[in-house]
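A.B. asks: Could you look at this predicted model? Sequence included:
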Amino acid sequence: MSHLRLKERRREDYGYILEYRTRWSDNDMYDHMNNSIYNFLYDSVVNTYLIEKCGLHPPTSPQYGLVVHSHADFFGSIAFPAVADLALRVNKLGKSSVTYEIGLFERGIQEVKSVGEIIHVFVSRDTGRPAANGMSQSLKEGLEKILVKQKQFKL
């Protein structure tokens with residue numbers, strides 16, 4: 001996805017929004033939220049969705065998601081005491097993997113501050129390997145609710 005297209009993201013491009021109240025300790029010496037906090041927030045919104053909407057219970061579920069890739073594009077900064085809206089969608093859903101996109105917005109401002117991506121591979125707790133039949137049905141059904149339908153282009 002091009003950097004310019006990501007910069008055009010709006011809250012309505014996402015199927016799930018979670019509020020986060022920034023903390024004083026989120027700021028760094030440059031008086032904005034430290035980059036490491038963005039990754040913490042991306043992981044938090046993904047796992048909150050999995051727990052609330054997909055029935056995942058991280059300590060005991062037979063499957064769990066391993067992060068195999070993550071990155072972020074930054075378009076602006078946010079700082080304490082701002083309130084952030086963490087917006088989540090699924091861009092790709094495979095047999096055992098899922099690609100999430102997270103938009104971070106500051107409350108009251110339309111423009112996206114950052115867009116992150118996380119790829120999970122769901123593995124069996126017993127083996128640490130993807131299950132032969134892929135992710136559980138409850139995970140798949142929950143993730144399909146925020147799956148973005150990709151437009152098909154004819155050549």
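C.D. replies: Yep, that arrived.
A.B. asks: buried ones in the host helix or strand of His69?
C.D. replies: Assigned by DSSP states H and E, His69 belongs to strand 63-74. Under the neighbour-count criterion of 16 or more other CB atoms under 10 Å, strand 63-74 has Gln63, Tyr64, Gly65, Ser70 buried. C-beta coordinates here come from the backbone N, C-alpha and C atoms, glycine included.
A.B. asks: and the residue nearest to the first one when sequence neighbours are not counted, what helix or strand is that in?
C.D. replies: Nearest in space to Gln63, with sequence neighbours left out and distances taken as CB to CB, 6 or more residues apart in numbering, is Phe122 at 4.8 Å. Under the criterion DSSP H and E, the helix or strand holding Phe122 is strand 112-124.
A.B. asks: Report the rounded mean pLDDT for that strand.
C.D. replies: Averaged over strand 112-124, pLDDT sits at 97.
A.B. asks: before we move on, what about stretch 144-155?
C.D. replies: For stretch 144-155, the per-residue pLDDT averages 74.
A.B. asks: Then stretch 9-17?
C.D. replies: pLDDT averaged over stretch 9-17 gives 96.
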